[in-house]
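Participant: fold the following, please.
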Amino acid sequence: MKTKFTYLGLGAIALTAALAAAPAQAQTVATADFDGAVVKTKAFTTANTTITTTYKTQITAIEGYQKELQALLAPFDTNKDNQIDDNELRAAQASPSWATVVAKQQQINTTQAPISRAQAYVFEQVSAKLNQAVQAVITARGLSLIVKPDAVVWANQVGNITPAITAELDKLVPTANAVPPATWQPGGQPAPATGAAPTTPAPATAAPAPTGGKKPGR
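Facilitator: Below is the predicted model of the structure:
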């Protein structure tokens, strides 16, 4: 029976082929955090340091905007639990200050966008070799099944192959470019030509939109 596994993290990287090729006689089960394996690579961490330096001014501005947004939402946190629940959100949306809240969140998103884009570009470069890295670990350890850590009740560190995947990625992708081409968009799609209908932008990661749950920036 063919073993099938599909990874749906950032970039929607399919690992079906890698796991299908696992030795039929192997019985070893392992856990792996694929996003974690990518972001812990030398290529990603080095490029991310470059991004942090390049956008230092914007990052500082975002931190200030988040504090301003928290201050705008604080009066609606009636139970003082540092979250905005559905009832508190409805009250905020009905208030005259809601337009200011939305504008502040848009300001955060706009400032965050080039940072998120650069990080996504680096992630995509490294994760392009994820299949190959996983297959190398599968072959070396004779694995028959890989599961996400959050799907496991208990497992010792011996069964965690995330560091091994990172080590393989370090060999395959020693460096990554922190500056995406002008036409690059997440997912490898080029940016639309001038006058063309825009594609949906990637969501900013600096803070969640003020639509409920935790306060943005928390």
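Participant: what's the first helix or strand after the longest helix along the chain?
Facilitator: Of all segments of type helix in the chain, defined using DSSP state H, the longest is helix 98-127. Remark: after helix 98-127, the chain's next helix or strand is helix 130-141, criterion DSSP states H and E.
Participant: quick one: buried residues of that next one?
Facilitator: Taking 16 or more other CB atoms under 10 Å as the neighbour-count basis, helix 130-141 is seen to contain the buried residues 130-131, 133-138, 141. All C-beta atoms are positioned from the backbone trio N, CA, C, and that covers glycine.
Participant: name the helices or strands packed onto the longest helix of the chain?
Facilitator: helix 34-39, helix 42-54, helix 56-73 (3 or more CB pairs under 8 Å, 6 or more residues apart in numbering; DSSP states H and E).
Participant: go through the last one and flag the buried ones.
Facilitator: Judged by neighbour count using 16+ other CB under 10 Å, the buried positions of helix 56-73 are 58-59, 61-62, 65-66, 68-70, 72-73.
Participant: and of the helices and strands packed on helix 98-127, who's closest to residue 154?
Facilitator: With CB to CB as the criterion, residue 154 lies closest to helix 34-39 of the helices and strands packed on helix 98-127, at 18.7 Å.
Participant: go through that closest one and flag the buried ones.
Facilitator: 34-35, 37-39.
Participant: stretch 151-162 now?
Facilitator: Neighbour-count burial for stretch 151-162 [16+ other CB under 10 Å]: 159-162.
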